[in-house]
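Chemist: Could you work out the structure for the sequence below:
(chains A and B, ligands or ions: 2)
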Amino acid sequence: MLKMKNLSKAFLTDAIKTQALHPFDLSIEQGEFVSVIGPSGSGKTTFLNIAGLLEEHSDGLYELDGQDVAQFSDKKKSAYRNEKIGFVFQSFNLIPELNLYDNIDMPLRYRKFNRDERHARIIQALEQVGLAGRKDHYPTQLSGGQQQRVAIARAIAGTPCVILADEPTGNLDSKMAEGIMSLLKDINAAGTSIIMVTHDNEQAAQAQRIVQIKDGHLSDSPDIQKEIA
Amino acid sequence: MRDLIPILKTLKKQKIAPALLAFQIAVTFMVLVNAIYMISERSDLIARPIGVNMENTLIVVANLPSEQGDLTTQLEDDLTILKSIHGVVNAAPITGLPLEGWGLYMDFKLDPNEEDVAYGGYFGSNENLIEAFDLTLLAGENFLPSDIQKVENDGIFKSSKIIITKALAEKIYPDNWRDILGKSLYYHKEPHEVIGIVDKLQNAWNFWSALEYTVISAVQEANDTQRYVVQVESGQMASVIKAIPEKLLTHPYKQIDSIEALSEVKRRSYQEDIATNKLLTVVCICLTIIKIFGILGQAKFNISRRTKQIGTRRALGASKHQVIRYFMLENAIISTIGVCIGILAAIILNNQFVELLSLSPVPIHFLLVGAIAIILLGQIAVAYPVSQAAKISPAITTRGT
Ligand SMILES: Nc1ncnc2c1ncn2[C@@H]1O[C@H](COP(=O)(O)OP(=O)(O)OP(=O)(O)O)[C@@H](O)[C@H]1O
Ligand SMILES: [Mg+2]
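Modeler: Ligands and ions are numbered 1, 2, ... in the order given. I've put the predicted structure just below:
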């Protein structure tokens, strides 16, 4: 589903080159739940952004769902992102002026779905995260955990092949975090791949697979799983 | 329209800010449309033709000093001199000037015992005036030299032949203006036979409703301050102006008050209107510039306030173009609401406006053109900030919370 080969990323700012990710290979199959761990500043977000087509990689090959994305135009990349990827951000990033229903509708409007189909998808996604009764509420009327559930509903409503989550529980207390984790696991169980960045080793251990990034070096060895466990 | 409904929903949620912006646009729209309409109305007034060849008509004002004897003789000497100047087509004396702001007017009757049928302005001259002004004779005939009566003053009390403007003929005979030929118009109790009709000749007062109702009488008056109309060949204006003093100043008592193109007389007549229009134009331009910067600033602020949201939209599938379209549409919607309020207010307030400020009501097509212009202006103003918005990276969604 996701294939990275010899992929690397360097940032160039004011003639200073930051090698955020050194060349690495990584393959993730459809349906996998992968945790990404590592110290602060090691390159986790950079990795996730490249995986999510939010940033371009500097070198190497990246194939998402069988397509080499390097040559995509902005328009094509945006559409591909919309169709293939669901994002769950640490800071939720809901649109405050739209109610829950319309927040979930927002990315769906960029697709070719008709009204009825969008409606069905929104309602189903809201039910799945347990907030169907609050579709007319606005984000500010919800707790953090509830907002993150809405964000998850927004991510799954378009039936992406992968959900990318950057510290989805980073702004939540442990009880809410648990709820989010179990929600993500349910979604994964239904066949959607998940790649989740986390600081929490316990959370990371709940994934089938752990990828570690240290100083821009990505390692994907089974040893890490043991180390964490 | 993918974005229309969501935009309407967000505007409804935000309420105050977009409402204020729309209201501001409505006010700007009203002020601009009214001001521009006033300018255009005034320009139309100024642009009305006098009926005279404006390029080649020269006005000379000189004295006829009584020390030099008979005024009529002096006047005819002057005319002879003027006509002899190289480049002069013809010259005629006249009792007043179009748009001079000073002149004679009178009421006209068809029957001395009946009511007035019209009123208008008066010029006394001779058979050369038509050529000296380069007027267009539409019907009837010009005066013959034998028709001309020569007096030193009070020519208006003479019975005489007259030539009138078509506008005056139509005023008196709306169905067939030519019917007036051969009839007599009475003023100061004397009959005046209408022998000719000219296309157009404005009289003395630019603000007067009877500006185009003009009578030319076959009475040549000689006054101590005498006006001459001189028709000049194309391109000869400067040389004729230069030659006149040399030729006309034949003795020490002779004085020339002025030599100027008729266009100069007209410019002086509309001086205040032209100045007002200039001022209004400057105000409109300033207002437009302020408006553009206002919208630009507001758009910039709005976009920087929503940086995160724009990044989110980008991350969730909006392309750069879709971001641009979203914000352009948002601006267009607010502008449209603004001008709709403006148009409604204009229609509702029109009567009050007209009475209170003695403005003429702005016609609806003018409002519509103004509305489109304001919306386009808004689009131009937001184009730059919106193009910057499209550059916001979707990666900001994961960095720097
Ligand atoms: N736009 C950028 N320009 C220059 N350097 C950048 C940019 N974005 C990230 N970096 C650098 O790349 C490196 C990796 O950053 P990244 O955000 O991926 O780390 P992280 O693992 O997500 O850290 P954290 O756990 O704190 O979120 C850091 O050294 C960072 O300073
Ligand atoms: Mg990070």
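Chemist: Every contact and neighbour count from this point should use C-alpha atoms.
Modeler: Will do.
Chemist: Give me the below-cutoff pLDDT ranges for the stretch 51-200 of chain B.
Modeler: Residue ranges of the stretch 51-200 of chain B with pLDDT under 70: none are present.
Chemist: Could you pull up the residues touching the residue nearest the centre of chain A?
Modeler: Taking Cα atoms, centre = their mean, the centroid of chain A lies closest to A:L164, which sits 1.1 Å from it. Each residue near A:L164 by Cα atoms under 8 Å, 6 or more residues apart in numbering or on different chains is listed here: A:L48, A:G52, A:I85, A:G86, A:F87, A:V88, A:I194, A:I195, A:M196.
Chemist: Can you give me the domain assignment for chain B?
Modeler: According to the domain assignment given by automatic domain parsing, chain B is divided into the following structural domains: B:4-47+B:272-399, B:66-254.
Chemist: Dump those to TSV, plus distance to A:Q67 and mean neighbour count.
Modeler: Rendered in TSV, the data for those read as follows (distance: least, Cα to Cα, whole Å; neighbours: other Cα atoms under 10 Å in any protein chain shown):
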stretch	distance to A:Q67	mean neighbour count
domain B:4-47+B:272-399	17	18
domain B:66-254	78	19
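Chemist: Widest-spaced pair of the contacts of A:L164?
Modeler: A:I85 and A:M196 (12.8 Å; Cα to Cα).
Chemist: Of the two, which one has the most company?
Modeler: Between A:I85 and A:M196, counted using other Cα atoms under 10 Å in any protein chain shown, the more crowded position is A:I85 (28 against 25).
Chemist: Helices along chain A, start to end?
Modeler: In chain A, helices defined by DSSP state H lie at A:44-51, A:74-84, A:100-108, A:115-128, A:144-157, A:174-189, A:201-205, A:222-228, listed in chain order.
Chemist: To ligand 1, which of the ones you listed lies closest?
Modeler: Ligand 1 lies closest, by Cα to the nearest ligand atom, to one member of these: helix A:44-51, at 3.6 Å.
Chemist: and that closest one with chain B, contact?
Modeler: Yes. Helix A:44-51 lies within reach of chain B by Cα under 8 Å from any Cα of the partner chain, at A:T45, A:N49.
Chemist: same for that helix, what does it pack against?
Modeler: Applying 3 or more Cα pairs under 8 Å, 6 or more residues apart in numbering or on different chains; DSSP states H and E, we find helix A:44-51 packed against strand A:16-28, strand A:162-166, strand A:193-197.
Chemist: re earlier: CSV please, covering the helices of chain A and showing distance to B:I289, mean neighbour count and mean pLDDT.
Modeler: Below are those laid out as CSV (distance: least, Cα to Cα, whole Å; neighbours: other Cα atoms under 10 Å in any protein chain shown; pLDDT from 0 to 100):
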stretch, distance to B:I289, mean neighbour count, mean pLDDT
helix A:44-51, 42, 22, 95
helix A:74-84, 34, 20, 95
helix A:100-108, 36, 24, 96
helix A:115-128, 42, 18, 96
helix A:144-157, 43, 25, 95
helix A:174-189, 52, 16, 93
helix A:201-205, 57, 17, 90
helix A:222-228, 64, 12, 69
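Chemist: With distance to B:L144 as added columns, please give the ones you listed in CSV.
Modeler: Below are the helices of chain A laid out as CSV (distance: least, Cα to Cα, whole Å):
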stretch, distance to B:L144
helix A:44-51, 98
helix A:74-84, 85
helix A:100-108, 88
helix A:115-128, 88
helix A:144-157, 96
helix A:174-189, 108
helix A:201-205, 115
helix A:222-228, 121
